Structure formats: structure tokens, C-alpha cells
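Chemist: Below: sequence and its predicted model.
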Amino acid sequence: MLNYTYIVLKGCVITLYPQAFIEYLIHFHCERDYFECHEILEEHWKEDPVPERKKYWVGLIQIAVSFYHYRRGNRAGALKMMKSALNICKEQKSELVKLGFQADELIELLVKKFYEIENGTPYESINLPLTDKNLLATCKYQATKSGKTWGKESDLSNKELIHKHRLRDRSEIITEREKQFLLKQKNRNRN
């Protein structure tokens, strides 16, 4: 079920954003939990039927994944994801503008980060360029309400944040994979 947050100005609804997108922005700009950005936005992206899935969500997911790899020192993974994200962002500029981004500035920032990663420049947190002041205010309000600080630098000493994919509970994923494997075997045996 899609969950949207309405951005209100002077009592009039001016636009709405998926709550998953707002949560993505909060995770990206507060605790710099790029893994969680990926998880939240991928789940939102998958809510649409396959032919209706929005490519710009994939671009934003790939930005987060690129920064996750970058911070961990995985340059190859970071470059691969950033290159793909850049291609999508260039292709989906008008959709990014509708999402409240300054698309040209975003692309310029990502190109700069691509070359920094390529040249081995150490990771630094960035803020994505948002032009919708009401979206920004909503994100900051929700962040503050949940005890988070907008624009905070990444805590490079937080190993759970940096290596989240290795340290998380994967029991549900493993169970689902085993279930799918058994289904495939069962289907093969029928044929």
C-alpha cells in the first residue's frame, strides 16, 4: 500500500511525496544509512507492477548503493553503481525535478563524486540538492521529531553502519531463498 506525505503551504496542498522517498532522504542526510536508503526505496519501487516501475527510483537507489560501497572502500562497486545512477539521472532529469531535486546540480555533484572515487579520494558525506523548500522542511521536521540531525557527517567509526549488509539478520532472506530453491526443484521434478 502506497503511503504519501502531503506537503502543505498556507493551508493548501501543493504536492505529495511517497513517505518512502522522505524516509530515504532522512536516512541519506542524517545517519547516512545508505543501506537502509536502498532497502526502503527498493521496497517502494517494487510496489508498482513491473511494467510501471519508475526508473528514477532505481537511480536514487543506485546513488545510495554507490555511497555505501564508497564509504566501505569498494571503489569498483561504487564506480559501477555511480555510473549507472548518473546515466539514469541524466535520462530522468524531468522526473527528478518533479521530486524536488535541482537535477543539473545533482548530476554535476555525482560526476564530481565519480571522479573522486576513481582517483581514490577518501569518502565524504554529501547533501543531495533539493529545491523544494517545503520538502526539505518536512524532511528536517520528521528527522528532528525522530531525534536525528539533518546534514550530519557519516560516523566512520560505526562498523554496524558501514558493514550493515554483513551484520544484519539474514534469516528471513535465507529462508525465502531456500523456499524458492525447493520450489524450483519441485517444478523440475514434475517435468
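Modeler: Here it is on my side, so go on.

Chemist: Which pLDDT value belongs to the closest residue to S154 other than its chain neighbours?
Modeler: In space, and not counting its chain neighbours, S154 is closest to R32: 3.8 Å by CB to CB, 6 or more residues apart in numbering. Bear in mind the C-beta positions are built from the backbone N, C-alpha and C, glycine included. With respect to pLDDT, R32 has a value of 98.

Chemist: What does R32 show for phi and psi?
Modeler: phi 60, psi 40 (degrees, to the nearest 10).

Chemist: for it, what are its contacts?
Modeler: 67, 71, 125, 152-155, 161 (CB atoms under 8 Å, 6 or more residues apart in numbering).

Chemist: Now for these, which sits with the most neighbours around it?
Modeler: Within the contacts of R32, most neighbours by other CB atoms under 10 Å means F67, with 27 neighbours.

Chemist: Near the residue nearest to that one when sequence neighbours are not counted, how many other residues are there?
Modeler: For F67, ignoring the flanking residues on the chain, the nearest one in space by CB to CB, 6+ apart is Y34 at 4.7 Å. Counted with other CB under 10 Å, residues neighbouring Y34 total 26.

Chemist: Now do the contacts for Y34.
Modeler: 27-28, 64-65, 67-68, 71.

Chemist: mind giving me JSON lines with those and columns for distance to Q102?
Modeler: JSON lines is the format used below for the contacts of Y34 (distance: CB to CB, whole Å):
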{"residue": "H27", "distance to Q102": "20"}
{"residue": "F28", "distance to Q102": "15"}
{"residue": "A64", "distance to Q102": "18"}
{"residue": "V65", "distance to Q102": "22"}
{"residue": "F67", "distance to Q102": "18"}
{"residue": "Y68", "distance to Q102": "23"}
{"residue": "R71", "distance to Q102": "24"}
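
Chemist: Tell me the one of those residues nearest C139?
Modeler: Among the contacts of Y34, F28 lies closest to C139 (CB to CB), at 9.5 Å.

Chemist: If you rank the contacts of Y34 by neighbours, which is first?
Modeler: Ranked by the number of neighbours (other CB under 10 Å), the contacts of Y34 place F67 first, at 27 neighbours.

Chemist: so what's that one up against?
Modeler: 32, 34, 78, 123, 126.

Chemist: What about these, which are in strands?
Modeler: With DSSP state E as the criterion, strands contain none of these.

Chemist: Now for these: which two are most distant?
Modeler: The most widely separated members of those, counting by CB to CB, are R32 and A78 (14.3 Å).

Chemist: What is the three-state secondary structure of L16?
Modeler: State at L16, reduced to three classes by DSSP: H, G, I helix; E, B strand; the rest coil: strand.

Chemist: Quote the end-to-end distance of stretch 91-104.
Modeler: 12 Å (CA to CA, to the nearest Å).

Chemist: hey, which helix or strand in this protein has the poorest pLDDT?
Modeler: Using mean pLDDT, DSSP states H and E, strand 4-9 stands out as the lowest-scoring helix or strand of the chain, at a mean of 56.
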